Structures are given as C-alpha cells and as structure tokens.
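In: quick one, structure for this:
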Amino acid sequence: MIYQSLETTLRHLLLERWEAIPALAMIRQPATEIRARAEALLARLPELPAPGNPSPPGSSPSNAPT
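Out: Numbers count the residues shown, from 1 in each chain. A predicted model of the protein is given here:
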C-alpha cells in the first residue's frame, strides 16, 4: 500500500499533475485564494471570549513553591 501511494505520487510528479498532490496544490494557490479561504473560515467561527490567564495559578516556574 505504501509503495502504491509512492508510485502514484511519483507518477503525478513525472506527468506534472501538480494539483493531484495536495501539498503542492496548496503551495501553488494564489494569495487571494488563501485569503478568501481564511476569511470564510473566520466567518464560520463562533465568537470567542477574550483570553484570560492561560495557566492556572502556581503553574509557572516563577511561582513554584520553594
């Protein structure tokens, strides 16, 4: 199965089918398309509360008990 996947990927590279390889397809996207996807994702996210203290009291090394 691994060899088959590798063979398929190498075949796509040999035949210059860049869009068939997900990583290469993403790298080749224009900035405007990436921005549009990011804005669409942002619009789907619910409103998040403002972050508070990310760590509980006493959990950082400067607050460790001595």
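In: C-alpha only now, for contacts and for neighbours.
Out: Noted.
In: residue 16 versus residue 10, what's the distance?
Out: Distance of residue 10 to residue 16, given as Cα to Cα, to the nearest Å: 10 Å.
In: those two: which is more packed in?
Out: residue 10 (14 against 11; other Cα atoms under 10 Å).
In: where does the more buried one fall, secondary structure wise?
Out: Assigned by DSSP states H and E, residue 10 falls within helix 2-14.
In: contact partners of the very next helix or strand once past that helix?
Out: Following helix 2-14 in sequence order, the next helix or strand is helix 22-27 (DSSP H and E). The contact list for helix 22-27, computed with Cα atoms under 8 Å, 6 or more residues apart in numbering, reads 18, 19.
In: 10 Å instead?
Out: Identification of contacts with helix 22-27 by Cα atoms under 10 Å, 6 or more residues apart in numbering yields 13, 17, 18, 19, 28, 33, 34.
In: may I see the PyMOL selection of the buried members of the residues you listed?
Out: With 16 or more other Cα atoms under 10 Å as the criterion, this PyMOL line picks the buried residues out of the contacts of helix 22-27:
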select buried, resi 18
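In: so where's this structure shaky on pLDDT?
Out: 48-66 (pLDDT under 70).
In: what residues are up against residue 4?
Out: Residue 4 touches residue 10, counting by Cα under 10 Å, 6+ apart.
In: going forward, the N-terminal residue is numbered 7.
Out: Yep, numbering from 7; the last one is residue 10 now.
In: okay, it and residue 29: tell me how far apart.
Out: Distance, residue 10 to residue 29, using Cα to Cα: 18 Å.
In: which outside residues touch stretch 36-50?
Out: With Cα under 10 Å, 6+ apart as the criterion, stretch 36-50 contacts 32, 33.
In: follow-up on the earlier one: now render the contacts of helix 28-33 as CSV, adding distance to residue 50.
Out: Below are the contacts of helix 28-33 laid out as CSV (distance: Cα to Cα, whole Å):
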residue, distance to residue 50
19, 35
23, 32
24, 29
25, 26
34, 25
39, 17
40, 16
